[in-house]
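1. Got a sequence here, can you build the structure:
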Amino acid sequence: MKIGIIGGTGGMGNLFSQVFQKAGHEVLIAGRNTPLRKEDIARLADVIVISVPIRDTVFVIDEITPLLGEHQILADLTSLKIDPVSAMLRSKARVVGLHPMFGPTVGTIQGQTIVATPARCHENDLWFFQNIFESQGARVTITTAEEHDRMMAVIQGLTHFKAILLAGTMRRLGISPADTESYMSPVYRIETGIAGRLLAQNPDLYADILCMNPQVPSVLNTCKQAFDEMFSIVQEGDRNAFTGEFLASREWYGAFCDQAQKETDLLIQAMVSR
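-> This next block holds a predicted model:
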């Protein structure tokens, strides 16, 4: 197959160009400074993959839509799915949404999760991607665009918000990570490490993830309600209420609590032994 990646010179586009090449396919690349343009990719490729910033994805799809035919597969690598998939469905191409649940710095898709949201395609179209990814060690989760965005409001929206909030709170308190270095516990190091990792990256990505998913505000509103309840418990020093809240969440998490303790123990051991 001839696979064209629009935005292929970026981190994620470059990673997936290697994935497709490793699977034995010819890969065409269009970027800001490449001989090939996105229009060339649309005309030449059997499979077209859009790998551009979230805010640009629908615009790029709409630009190439008139050039696509039923013989082609159109996919994207965007962190949101409802709007990109809807835009891709305006073309004549078969459509499969894709979302790699990792950043391009991983270097390999081995052990990583890729979410697929097939929208208008043959069974073999989905199998085409699934076979490539799974043969290189990735896990493929198949769902709808709607369910994907609902889950991303928590998996990305809530967790990224929490990390940014942690850093913003410390900044407002005038306490830097360096100030806490000699007091650090392993868990605190993990939490601040996640925040630092996020802040080292492009803010536009996280602005898109939090501000362009319409389901994020309702998740954060629930977070605010939970915060208000917990704040009231702590402010009043109500140990019984605190214990009730703690145990209710433990029950909700179930067996994952033991799994998480084992996994984070391994992470802590790796941190302290480096």
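2. drop to CA atoms for contacts and neighbour counts, all remaining ones
-> Will do.
3. Report the contact partners of the residue most central in space within the chain.
-> Geometric centre of the chain, nearest residue: residue 101, 4.3 Å, by Cα atoms, centre = their mean. Applying Cα atoms under 8 Å, 6 or more residues apart in numbering, we find residue 101 in contact with 112-115.
4. now with 10 Å?
-> Shown in contact with residue 101 (Cα atoms under 10 Å, 6 or more residues apart in numbering): 77-79, 109, 112-115, 152, 155-156.
5. Show me where the protein has its helices.
-> Counting by DSSP state H, residue ranges of the helices within the chain are 11-22, 38-44, 54-64, 82-88, 123-135, 145-152, 159-173, 177-180, 186-199, 203-211, 216-236, 239-253, 256-272.
6. What is the end-to-end distance of stretch 24-43?
-> Criterion Cα to Cα, to the nearest Å; first-to-last residue distance in stretch 24-43 is 21 Å.
7. residues making contact with it?
-> Applying Cα under 10 Å, 6+ apart, the external contacts of stretch 24-43 come out as 1-10, 13-14, 16-21, 44-45, 47-52, 60-61, 63-69, 72, 74, 132.
8. Filter the residues you listed down to just the buried residues.
-> Among the contacts of stretch 24-43, those classed as buried by 16 or more other Cα atoms under 10 Å are 3-9, 13-14, 16-17, 19-20, 44-45, 47-52, 60-61, 64-65, 68-69, 72, 74, 132.
9. Buried residues of stretch 202-218, list them for me.
-> 206, 208-210, 213, 215-216.
10. tell me the two of these that are most distant?
-> Within the buried residues of stretch 202-218, 206 and 215 form the most distant pair, 14.8 Å apart (Cα to Cα).
11. residues in contact with stretch 166-178?
-> 160, 162-163, 165, 184, 189, 191-193, 195-196, 199.
12. Tell me which residues are up against stretch 189-197.
-> Here stretch 189-197 has contacts from 159-168, 177, 180-181, 183-184, 186-188, 198-200, 264, 267-268, 271, using Cα under 10 Å, 6+ apart.
13. swap the cut-off to 8 Å and go again
-> 163-164, 166-167, 177.
14. same thing with stretch 211-228?
-> So stretch 211-228 is contacted by 55, 80, 149-150, 153-154, 157-158, 210 (Cα under 8 Å, 6+ apart).
15. cool, stretch 59-78 as well?
-> Applying Cα under 8 Å, 6+ apart, the contact partners of stretch 59-78 are 38-39, 42-43, 45-54, 57, 84, 87-88, 90-100, 121, 125.
16. now with 7 Å?
-> Stretch 59-78 has contacts (Cα atoms under 7 Å, 6 or more residues apart in numbering) with 39, 42-43, 46-51, 54, 87-88, 90-100.
17. Those, buried ones only, as a PyMOL selection?
-> Listed next is the PyMOL selection for buried residues among the contacts of stretch 59-78, using 16+ other Cα under 10 Å:
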select buried, resi 39+42+46+47+48+49+50+51+54+87+88+91+92+93+94+95+96+97+98+99+100
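18. Show me the contacts of stretch 59-78 that map onto strands.
-> 47-50, 94-100 (DSSP state E).
19. Distance to residue 30 and pLDDT added to the residues you listed, as JSON lines?
-> Shown next, in JSON lines, are these (distance: Cα to Cα, whole Å; pLDDT from 0 to 100):
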{"residue": "47", "distance to residue 30": "13", "pLDDT": "98"}
{"residue": "48", "distance to residue 30": "11", "pLDDT": "98"}
{"residue": "49", "distance to residue 30": "10", "pLDDT": "98"}
{"residue": "50", "distance to residue 30": "10", "pLDDT": "98"}
{"residue": "94", "distance to residue 30": "21", "pLDDT": "98"}
{"residue": "95", "distance to residue 30": "20", "pLDDT": "98"}
{"residue": "96", "distance to residue 30": "20", "pLDDT": "98"}
{"residue": "97", "distance to residue 30": "19", "pLDDT": "98"}
{"residue": "98", "distance to residue 30": "19", "pLDDT": "98"}
{"residue": "99", "distance to residue 30": "20", "pLDDT": "98"}
{"residue": "100", "distance to residue 30": "20", "pLDDT": "98"}
